[in-house]
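# Can you look at this prediction? I've put the sequence above it.
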Amino acid sequence: MKTCLHFFLLALAALNFGITAHAETFTWINTSGGDWNDPANWLRTDIEYCTNPDDPEDPFYECNPHTLPDMNDNVFITADGTYTVTLNSSATIGSLMLGGSIGTQTLSFSGGVLRFGGDSLIGDHAALALNGQLSSEFGVTLTVNGVMNWTNGPVALDGLLFLSSGASLNLIGNTIHEFYCLVYNYGTTRITGTATLRANSGNGAAYFVNETNGLVDIQGDGGLAGSNGSYERIYNYGMVRRSGGTGNMNLTVMFLNYGTFDIQTGSVNLNWPNSFLLTADNRPASLLSVQVRASRQRRVRRRSTVPKGDR
């Protein structure tokens, strides 16, 4: 009797584990937009996995096609049209596919934590309006091909934020925008107002890599900063441009420039030792590595530990 009971409990545990781990597919169906937390806006498209879809007492799967996505579920907001899906609370999902082929599909998220269990995509025709925290499981990549308008909240992915060549990352407002992950920018990152992009290595390395064709356009008096951690870097292989603002812009993070820094207005204070390392033999680069528009007659103020003879 004890042996039979033992195997019964093991089988029951296995069934429960299967229910928890099963990834289901949820598709957004309301092309007028609406509330993420309204079940009527979702269609669960894998109800064929129900053991008995006609039995309301089925103990294995909830067969109602209109339910909310959960922590293991794959979410598709891909219907064509121009509309906004609003999420004003925390959510944990398996993955997100945002964006159709016509119109603009926007996910407006605020007020909590949006957590991804797997790789996710903001497509060419999609926009993510971020006013909360992004997080993920280890090794997850969030790829942005469209637009990400970042107003508030940290990007704390335990993986990678990948901005493709057509992507736009817009930092909006007058707050600090912290990232706790690796960011690769092949597109355009715009920093407006007094917004500041700040690396925070509290969860590991926080590196922002502006690739060869990437652009970081600083349009105000904000800047680039770190949190005094050991693994916080801004690498520039493309173009970093200060196109707006009238005062001093502070760089308080290690900034390694292998590309062009175009200062069109104001001045820049380099407040971190060993910034602007350029040459293959690790000699500190001179200020000639910084492009200053002569017609504007702007200057760059440098504060570093580099000896005068190496400048």
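Good, I have the coordinates.

# and the nearest residue to residue 101 once chain neighbours are set aside, how many neighbours does it have?
Spatially, and ignoring its direct neighbours in sequence, residue 101 is nearest to residue 80 (5.9 Å; Cβ to Cβ, 6 or more residues apart in numbering). To be clear about C-beta, it is placed using only N, CA and C from the backbone, and glycine gets the same treatment. Number of residues near residue 80 (other Cβ atoms under 10 Å) recorded here: 13.

# Against residue 31, how distant is residue 80?
Distance, residue 80 to residue 31, by Cβ to Cβ, to the nearest Å: 7 Å.

# one step back: surely the residue nearest to residue 101 is within a helix?
No - if the criterion is DSSP: H, G, I helix; E, B strand; the rest coil, then residue 80 is coil and not within a helix.

# State the distance from it to residue 124.
Using Cβ to Cβ, one gets 12 Å for the distance from residue 80 to residue 124.

# if I've got this straight, residue 227 is in a helix?
No - secondary structure of residue 227 (three-state DSSP): coil, not part of a helix.

# residue contacts, it?
Shown in contact with residue 227 (Cβ atoms under 8 Å, 6 or more residues apart in numbering): 178, 198, 199, 200, 201, 202, 206.

# before we move on, which element is residue 183 in?
If you go by DSSP states H and E, residue 183 is part of strand 182-185.

# Against which helices or strands is that strand packed?
Packing contacts for strand 182-185, counted by 3 or more Cβ pairs under 8 Å, 6 or more residues apart in numbering; DSSP states H and E, involve strand 159-163, strand 206-210.

# low pLDDT regions in the stretch 151-300 of the chain?
Residues of the stretch 151-300 of the chain meeting the criterion pLDDT under 70: 273-300.

# rewinding a little: given the helix or strand following the strand holding residue 183, what are its sheet partners and their directions?
Per DSSP H and E, the first helix or strand lying C-terminal to strand 182-185 is strand 188-191. Partners of strand 188-191 in the sheet, by DSSP bridges, are strand 168-171 (parallel), strand 215-218 (parallel).

# now the first one: how far from the chain's centre is it?
Computed by Cα atoms, centre = their mean, to the nearest Å, the separation of strand 168-171 from the middle of its chain amounts to 10 Å.

# what's next to the helix or strand following it, contact-wise?
Where DSSP H and E defines the elements, the next helix or strand beyond strand 168-171 is strand 176-179. Identification of contacts with strand 176-179 by Cβ under 8 Å, 6+ apart yields 150, 152, 154-156, 161, 171, 195-200, 206, 208, 225, 227.

# Tell me the buried residues in strand 176-179?
By neighbour count on 16 or more other Cβ atoms under 10 Å, the buried set for strand 176-179 is 176, 177, 178, 179.

# Looking at strand pairing, list the partners for residue 182.
For residue 182, the beta-bridge partners under DSSP bridges are residue 160.

# One more: residue 171?
Under the criterion used (DSSP bridges), residue 171 bridges to residue 150, residue 191.

# can you pull the contacts of it?
Contact partners of residue 171, counting by Cβ under 8 Å, 6+ apart, are 150, 177, 189, 190, 191, 192, 195, 197, 222.

# Mark which of the residues you listed are buried, thanks.
The neighbour count (16+ other Cβ under 10 Å) marks 150, 177, 189, 190, 191, 192, 195, 197, 222 as buried among these.

# I'd guessed residue 41 sits against residue 27; true?
No - counting by Cβ atoms under 8 Å, residue 41 does not reach residue 27; the two are 9.9 Å apart.

# so who does the residue nearest to residue 101 touch?
Contacts of residue 80 (Cβ under 8 Å, 6+ apart): 31, 100, 101, 102, 103.

# And for residue 156?
Going by Cβ under 8 Å, 6+ apart, residue 156 touches 133, 134, 135, 178, 179, 180, 181, 203.

# mind checking how far the fourth one is from residue 227?
Computed with Cβ to Cβ, the distance linking residue 178 and residue 227 is 8 Å.

# tally of neighbours for residue 204?
Look at residue 204: counted by other Cβ under 10 Å, it has 14 neighbours.
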